[in-house]
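Asks: All I have is the shape, not the residue letters:
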């Protein structure tokens, strides 16, 4: 089993930066991702990485503004130049085995999920 706990969400103004953290415990993971879900919308892929040199991957909507990284606790999502459309509940997700590239963007590829942290970007 694996437990994932997100933190770092909040209410911020457009243009500022925010860092989200995901603390992982239990069995080790080989793939980790961040997804988000806005009110009335489906959960969408934000970013992912695969361990041991597996690279990082981003949704087009956040490329160049967000950075995902692996850290001692699990992972961090650095969000810069936040926009109103970045508002949503952000979820950390993980998979024990290494996911294939074509599967990274699909929520169904991940076995474990955190409870989510709310990010609201508003002026």
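Replies: Arrived safely, thanks for sending. Computed from a predicted model, the values in this text were never measured in an experiment. Residues are numbered from 1 along each chain as shown.
Asks: Provide the contact partners of the host helix or strand of residue 32 at residue level.
Replies: Using DSSP states H and E, residue 32 sits in strand 31-37. Identification of contacts with strand 31-37 by Cβ atoms under 8 Å, 6 or more residues apart in numbering yields 20, 22, 24, 43-51, 54, 68, 70, 74-75, 77, 86, 88-95, 97-99, 104, 107, 109-110, 116, 119. The way it works is simple: take the backbone N, C-alpha and C, and place the C-beta from them, glycine included.
Asks: now swap in stretch 67-80 and tell me
Replies: 4, 17-24, 32-34, 46-49, 51, 56, 58, 62, 65-66, 86, 90, 92, 94, 119.
Asks: Could I have the buried ones of those residues as ChimeraX selection syntax?
Replies: The buried residues among the contacts of stretch 67-80 can be selected in ChimeraX (16 or more other Cβ atoms under 10 Å) with this line:
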select :4,18,20,21,22,23,24,32,33,34,46,47,48,49,58,62,66,86,90,92,94,119
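Asks: Thanks again, I'm all set now.
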